[in-house]
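[1] got a predicted structure plus its sequence, pasted below:
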Amino acid sequence: MALEESQGMAVSVLASSSSGNVTYIETPHQKILIDAGLSGKKIAALMASIGRDLNDVDALFVTHEHSDHIRGVGVLARKYHLDVYANEGTWQAMAPKIGKIDVSQQHLIKTGGFVTLGDMDIESFGVSHDAAEPQFYQVHHDNKAFAILTDTGYVSDRVMGTIKNADGYLMECNHDLNMLRNGAYPWSLKQRILSDRGHLSNEDGAETLMDVLGNHTKQIFLGHLSQENNFKDLAHATVTGFLKNHDFAVGHDFKIMDTDPEVADPLTLI
């Protein structure tokens, strides 16, 4: 069932983890995906699980060229004739990996730029990650905003100012510091993850939320969890405990929700 004009914007995190990321966002007149880090077949099945069809999606926005964000980009563009948006650096880096996409479907969104599609405005912002030109997105509709922030080693004051007091967030909680430090990863990989161009820990995600959430914030999704260095209950408990310890009314003013590598979150009004 389509959204009514009065319902505004709805989001489903179809999948989020270190192995694949896809987010679906819709307004009464527009439907988009942010990233396509799973196979086209899997993304189609996840869409069907929330009662939506890829044939109705208008556009796909890509954050950066790592495989857990672009695995299905080429297939979706070709099979469903999706317009694909990315910045110049990402287009150049992912082009050899996604196969041929018709030039009419290739669109640029500069870092720090805006694209308007129907009743939806998509704002991009740069992040610190070991990719060619990584950027994430904040989607606006009817005075509502939903911000996605994963795959960044730290959060600058500029980014925090951009996404402050959004109505909803998908926030990275990639790893538990102790699990990562004591785990089986080689030291070089641990250094990469812990660096300013790596990923946010559970604590980092919690601290970022404390700095950005406001009285508009109602929904928080915890995302991009490492399947080797984290698990849902730990991320949820860490973020919830941190915010409660700083006098945030978790569960009253806003909800904290988990995401999954295989199961889509229900379509949630923002």
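    Perfect, I can see it now. What you are looking at is a predicted structure, and each value in this text was computed from that prediction instead of being measured.
[2] residue 257: how many residues sit nearby?
    17 (other CB atoms under 10 Å). Heads up, the C-betas are built off the backbone N, CA and C, glycines and all.
[3] quickly find the element holding the closest residue to it other than its chain neighbours.
    Once flanking residues are discounted, residue 257 sits nearest to residue 221: 5.1 Å by CB to CB, 6 or more residues apart in numbering. Using DSSP states H and E, residue 221 sits in strand 219-223.
[4] how distant is that strand from the center of its chain?
    9 Å (CA atoms, centre = their mean, to the nearest Å).
[5] contacts for it next, please.
    Outside of strand 219-223, the residues within contact range by CB atoms under 8 Å, 6 or more residues apart in numbering are 11, 13, 16-17, 21, 150, 167-173, 205, 209, 213, 232, 235-236, 239, 254-259, 265, 268, 270.
[6] filter those to the buried ones?
    When neighbours are counted using 16 or more other CB atoms under 10 Å, these contain these buried positions: 11, 13, 16-17, 21, 150, 167-173, 205, 209, 213, 235-236, 239, 254, 256-259, 265, 268, 270.
[7] if I look at the closest residue to residue 217 other than its chain neighbours, how far off is residue 178?
    Spatial nearest neighbour of residue 217, chain neighbours left out: residue 254 (5.0 Å); criterion: CB to CB, 6+ apart. Distance, residue 254 to residue 178, by CB to CB, to the nearest Å: 27 Å.
[8] ok, residue 195 next?
    According to CB to CB, residue 195 stands 18 Å off from residue 178.
[9] who has more neighbours out of the two?
    Neighbour totals were compared for residue 195 and residue 178, and residue 195 leads with 14 against 11 (other CB under 10 Å).
[10] now do the contacts for the more buried one.
    130, 153.
[11] could you measure from it over to residue 152?
    Noted for residue 195: a distance of 11 Å to residue 152, by CB to CB.
[12] any idea of the mean pLDDT for the strand holding residue 221?
    Here strand 219-223 scores 98 as its mean pLDDT.
[13] list the buried residues of that strand.
    For strand 219-223, by 16+ other CB under 10 Å, it's 219, 220, 221, 222, 223.
[14] which of those lies closest to residue 141?
    Distance ranking of those against residue 141, using CB to CB, places residue 219 first at 14.2 Å.
[15] nothing else from me, thank you.
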